[in-house]
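>>> predicted model and sequence follow; I will ask about them next.
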Protein chains: 2
Amino acid sequence: MAGTIVLTLPDWFSDHLRGFADPLDSPEARMDLVLSLAQRNVDEGSGGPFAAGVFDEQGGLIAAGVNLVVPSLAPVAHAEIVAIAHAGQTLGSWQVGLAGGYELTSSTEPCAMCLGAVPWSGVKRLVCGASDSDARAVGFDEGHKPADWVEHLTSIGIEVQRDVRRQAAVAVLQAYAAGGGAIYNGANSEEARPDA
Amino acid sequence: MAGTIVLTLPDWFSDHLRGFADPLDSPEARMDLVLSLAQRNVDEGSGGPFAAGVFDEQGGLIAAGVNLVVPSLAPVAHAEIVAIAHAGQTLGSWQVGLAGGYELTSSTEPCAMCLGAVPWSGVKRLVCGASDSDARAVGFDEGHKPADWVEHLTSIGIEVQRDVRRQAAVAVLQAYAAGGGAIYNGANSEEARPDA
């Protein structure tokens, strides 16, 4: 048993981010960056069609992540988990959100696991592109989320903004599905297509 | 921004596991191993008072994890997330549970994030020591879990067994709290004690 767990971002990742001007001063501009990461992950075959970014109050990118479930051999390596861990290690603090009004921008509404991670990250805003139903429409299981998840996040001081560049976000999911990408839902999901 | 996210298990981790005979053929025996990891994590000051293990159908340990939130600078590095990622990387497959009736043994009932990770791991059984309320009693926030989480896991083919060695599991939580350990709930939690 190894003494470390390593999640490796794709080779193209850092160069890709250099192409974006910083700060990105609207939710749409931040979503465009995140969607470009998700689309690139599809194009390069380096993981699932999901990406996420942690941004500071001025729209500066702290860290980002893409889905690494298949390449990193880790069923928990969803884009939001990767982005939040990456942000903590980039900042050198597990208290990612303490520095101020940080935002987590996610190409698709978080699954049950990633939703649970949002409060632990300390961000004050969650911005979503595609919806839960959009993800389900291409075969991904989003898990068992509390029906009142938006209200709950709001009640603990985390603002939620949905449907930001939703159509473009759906296009990334559809491009992945059309390309026959693996739908990694775990062995328990009715929708699992582990051989895909 | 680094190209990898690394979660490093404590120095004592591998040696500690060598002290246990394998396989462990009862939930109690598996929980004892997991609780010994959680207690050791407290004693060594190497993370929070939580541990988890992934076991195969014969009770053989596939991989384990301890809470690494503070030392690994990653608010998502809860014990179950670490154990599941570790299991995938140890097996060389993101489909941890496909090999058979795997079990996730957790020293405390999973928080909302870790609960969401359980179906993605592919395990067929979740065994818990301390309860959600036990964790809250020492100041940890367990997040916003669906009220019917046990029924839901059962409905998708994941058996849940609770209160296994519960008293011993609570003792680990209390030892940590008594020692003034950090309660890392994220900046949004009312119960957060970031300076602790």
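Nice, I can see it.
>>> pLDDT below threshold where in chain A?
In the prediction, chain A carries residues with pLDDT under 70 at positions A:1, A:99, A:184-196.
>>> residue ranges for the helices of it, please.
All helices of chain A, identified by DSSP state H, fall at A:13-18, A:27-44, A:79-91, A:112-121, A:132-137, A:149-155, A:166-178.
>>> TSV for those, including distance to chain B and mean neighbour count?
C-beta: built from backbone N, CA, C; applies to glycine. As requested, these are exported to TSV (distance: least, Cβ to the nearest Cβ, whole Å; neighbours: other Cβ atoms under 10 Å in any protein chain shown):
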stretch	distance to chain B	mean neighbour count
helix A:13-18	6	14
helix A:27-44	12	21
helix A:79-91	4	27
helix A:112-121	3	29
helix A:132-137	13	16
helix A:149-155	5	16
helix A:166-178	16	19
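>>> close to chain B, is stretch A:45-57?
No. Against chain B, stretch A:45-57 shows no contacts by Cβ under 8 Å from any Cβ of the partner chain, the least distance being 10.5 Å.
>>> span of that stretch from start to end?
Distance across stretch A:45-57, first residue to last, is 32 Å (Cα to Cα, to the nearest Å).
>>> buried ones in that stretch?
Of all the residues in stretch A:45-57, those buried under the rule 16 or more other Cβ atoms under 10 Å in any protein chain shown are A:46, A:47, A:48, A:49, A:50, A:51, A:52, A:53, A:54, A:55, A:56.
>>> residue A:147: neighbouring residues, count only.
Taking other Cβ atoms under 10 Å in any protein chain shown as the criterion, the count of residues near residue A:147 is 8.
>>> and it, how far is that from chain B?
Taking Cβ to the nearest Cβ, to the nearest Å as the measure, residue A:147 and chain B are separated by 8 Å.
>>> neighbours of residue A:127, how many?
Burial of residue A:127 is recorded as 25 neighbouring residues (other Cβ under 10 Å).
>>> what is it paired to in the beta sheet?
With DSSP bridges applied, residue A:127 shows beta-bridge pairing to residue A:105, residue A:161.
>>> unless I'm mixing things up, it is touching residue A:30, no?
Yes. Under the criterion of Cβ atoms under 8 Å, residue A:127 is in contact with residue A:30, at a separation of 6.8 Å.
>>> report the contact partners of residue A:111.
With contact taken as Cβ atoms under 8 Å, 6 or more residues apart in numbering or on different chains, residue A:111 is in contact with A:78, A:135, A:140, A:141, A:142, A:143, A:145, B:116, B:120.
>>> could I get those as CSV with distance to residue B:154?
Converted to CSV, these look like this (distance: Cβ to Cβ, whole Å):
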residue, distance to residue B:154
A:78, 24
A:135, 24
A:140, 22
A:141, 17
A:142, 19
A:143, 15
A:145, 18
B:116, 16
B:120, 17
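>>> what number of residues lie near residue A:96?
Applying the criterion other Cβ under 10 Å, we find 30 residues in the vicinity of residue A:96.
>>> distance check, it against chain B.
For residue A:96, the distance to chain B (Cβ to the nearest Cβ) stands at 6 Å.
>>> among the helices of chain A, which comes closest to residue B:98?
Residue B:98 lies closest, by Cβ to Cβ, to one member of those: helix A:112-121, at 18.6 Å.
>>> so what's the gap between the closest one and the chain middle?
For helix A:112-121, the distance between its averaged C-alpha position and the chain's averaged C-alpha position is 11 Å (Cα atoms, centre = their mean, to the nearest Å).
>>> run the angle between that helix and helix B:112-121 for me.
With axes from the mean of the first three to the mean of the last three Cα atoms, to 10 degrees defining the directions, helix A:112-121 sits at 150 degrees from helix B:112-121.
>>> which strands and helices sit next to helix A:112-121?
Contact analysis of helix A:112-121 by 3 or more Cβ pairs under 8 Å, 6 or more residues apart in numbering or on different chains; DSSP states H and E lists helix A:79-91, strand A:103-108, helix A:149-155, helix B:112-121 as its packing neighbours.
>>> between the ones you listed, which one is closest to residue B:16.
Proximity to residue B:16 (Cβ to Cβ) singles out helix B:112-121 among the helices and strands packed on helix A:112-121, at 21.6 Å.
>>> which of the buried residues of stretch A:45-57 fall within strands?
When those are checked against strands using DSSP state E, the ones located there are A:51, A:52, A:53, A:54, A:55.
>>> dump the residues you listed to TSV, plus distance to residue B:104.
Formatted as TSV, those follow (distance: Cβ to Cβ, whole Å):
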residue	distance to residue B:104
A:51	28
A:52	25
A:53	30
A:54	28
A:55	33
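>>> ok, now how distant is residue A:24 from chain B?
For residue A:24, the distance to chain B (Cβ to the nearest Cβ) stands at 15 Å.
>>> that residue: how many residues sit nearby?
Here the number of neighbours of residue A:24 (other Cβ under 10 Å) works out to 21.
>>> please name the nearest non-neighbouring residue to residue A:91.
Spatially, and ignoring its direct neighbours in sequence, residue A:91 is nearest to residue A:62 (6.5 Å; Cβ to Cβ, 6 or more residues apart in numbering or on different chains).
>>> residues contacting that neighbour?
Contact criterion Cβ under 8 Å, 6+ apart gives A:53, A:54, A:55, A:56, A:87, A:90, A:91, A:96, A:102 as the residues in contact with residue A:62.
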